[in-house]
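Chemist: Quick one, what's the 3D model for this:
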Amino acid sequence: MRDNLDECLTLIFGSEGGYVNHPKDPGGATKYGITAATLGAHRGLGRPATPNEVKALSLAEATRILEAQYARSIRFDDLPAGIDYAVLDFAVNSGPAQAAKTLQRALGVNPDGVIGERTIEAIMNRQQPTLINLYCDERLAFLKKLKTWSTFGKGWARRVAEVRAGAIKMSRGSSVLTPVTATGTAKALPADTKATATSGGKGSIMATIGVATTTVSATTDKLAPLAGAGNKLIDYAFTGLTVVGVLLSVAGIALVARSQLRALRSGAPV
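Modeler: Residues are numbered from 1 along each chain as shown. The predicted structure is shown next:
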């Protein structure tokens with residue numbers, strides 16, 4: 001599903017955000033999901049990139065890295081819509097080999113970390129929404145075993161929930177990215193991604209977006225520990241807020257990141 005790649009990259013860039021260098025993150029300095037080690041290897045530096053080099057990473061170079069080192073590694077073009085997004089997002093978050101092994105375990109095939117013809121065949125013989133749910137369950141179980149879960153767990157759980165909802169929507173033939181209208185809301189973009197105050201009031205939309213997203217995220221965080229405890233009302237509320245969070249997140253991303261990716265394809269400056 002090559003025509004699905006731009007949408008998936010837009011969503012992943014929105015999830016990863018801009019430059020971060022959390023002291024408890026073993027990946028160190030990261031931008032757009034690209035770690036210092038990955039950037040250094042891509043540039044042939046023979047060493048991890050410095051924090052300043054990571055901070056200066058452009059969206060164009062990040063796109064090339066994700067396509068070459070992640071999308072190609074998981075055979076993105078051969079995966080059905082929805083599965084491609086779920087596996088690529090996991091690959092960027094935890095590495096292509098781990099994403100592939102988790103997929104293979106969900107399918108019941110040999111988890112060698114290399115997506116081959118047997119894995120592809122097994123995927124095609126499964127109901128895609130069912131497989132996406134199983135895959136996201138396996139991904140969440142993997143993340144909960146990491147020693148950094150206590151630090152990053154809430155964010156990871158929210159991300160997996162967003163990917164689950166978005167991937168299932170894709171598998172049913174719908175785009176996750178939706179146009180933003182003058183009354184729409186969206187999530188703030190990475191700090192170095194600029195939006196202009198033109199074209200239907202994008203600037204004013206972006207100014208009000210963070211409030212809505214923060215409110216939804218805070219409420220979801222409060223409900224997360226209670227979800228799955230047998231209270232159907234809370235479970236429905238948690239699921240509903242998660243879906244709302246997806247819509248809030250992707251709408252703003254669509255304002256800029258998608259247009260930048262299209263510009264990259266056409267060779268225009270970004």
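Chemist: per-domain residue ranges of the chain.
Modeler: Per the record, the chain has its domains at 2-171, 202-266, by automatic domain parsing.
Chemist: For the ones you listed, which has the smallest mean pLDDT value?
Modeler: For the domains of the chain, mean pLDDT drops lowest on domain 202-266, to a mean of 51.
Chemist: Is it possible to get JSON lines of the domains of the chain that adds distance to Leu177 and mean neighbour count?
Modeler: In short, each C-beta sits where N, CA and C put it, glycine included. Putting the domains of the chain into JSON lines (distance: least, Cβ to Cβ, whole Å; neighbours: other Cβ atoms under 10 Å) gives the following:
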{"stretch": "domain 2-171", "distance to Leu177": "6", "mean neighbour count": "18"}
{"stretch": "domain 202-266", "distance to Leu177": "4", "mean neighbour count": "17"}
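Chemist: can you give me the helices in this structure?
Modeler: 5-16, 36-43, 51-55, 59-65, 83-94, 96-107, 117-124, 128-144, 149-171, 202-223, 232-266 (DSSP state H).
Chemist: distance between the ends of stretch 77-87?
Modeler: Stretch 77-87 has its terminal residues 12 Å apart, counting by Cα to Cα, to the nearest Å.
Chemist: which residues are contacting that stretch?
Modeler: The contact list for stretch 77-87 (Cβ atoms under 8 Å, 6 or more residues apart in numbering) reads 1-2, 4-5, 7-8, 11, 71, 74, 76, 99-100, 103, 115, 120, 123-124, 128-129, 131-132, 135-136, 139, 163-164, 166-173, 176.
Chemist: 7 Å instead?
Modeler: Contacts with stretch 77-87, where a contact means Cβ atoms under 7 Å, 6 or more residues apart in numbering, come from 1-2, 4, 8, 11, 74, 76, 99, 103, 120, 123, 128, 131-132, 135-136, 163, 166-168, 170-171.
Chemist: Also stretch 60-76?
Modeler: Stretch 60-76 has contacts (Cβ under 7 Å, 6+ apart) with 5, 9, 32, 34, 38, 42, 84, 87-88, 91-92, 96, 99-100, 115, 261, 264, 270.
Chemist: C-alpha coordinates for that stretch, PDB please?
Modeler: Output of stretch 60-76 as PDB, limited to C-alpha atoms (Å, rounded to 0.1, in the frame of the first residue of the first chain):
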ATOM      1  CA  ALA A  60      13.000  15.700   4.700                       C
ATOM      2  CA  GLU A  61      15.900  13.700   6.000                       C
ATOM      3  CA  ALA A  62      13.700  12.100   8.700                       C
ATOM      4  CA  THR A  63      11.300  11.000   6.000                       C
ATOM      5  CA  ARG A  64      14.100   9.400   4.000                       C
ATOM      6  CA  ILE A  65      15.300   7.500   7.000                       C
ATOM      7  CA  LEU A  66      11.900   6.200   8.000                       C
ATOM      8  CA  GLU A  67      11.300   5.000   4.400                       C
ATOM      9  CA  ALA A  68      14.700   3.400   3.900                       C
ATOM     10  CA  GLN A  69      15.400   1.900   7.300                       C
ATOM     11  CA  TYR A  70      11.900   1.200   8.700                       C
ATOM     12  CA  ALA A  71       9.300   1.000   6.000                       C
ATOM     13  CA  ARG A  72      11.500  -1.100   3.700                       C
ATOM     14  CA  SER A  73      12.600  -3.400   6.600                       C
ATOM     15  CA  ILE A  74       9.000  -4.300   7.400                       C
ATOM     16  CA  ARG A  75       7.900  -4.700   3.800                       C
ATOM     17  CA  PHE A  76       5.500  -1.800   4.200                       C
END
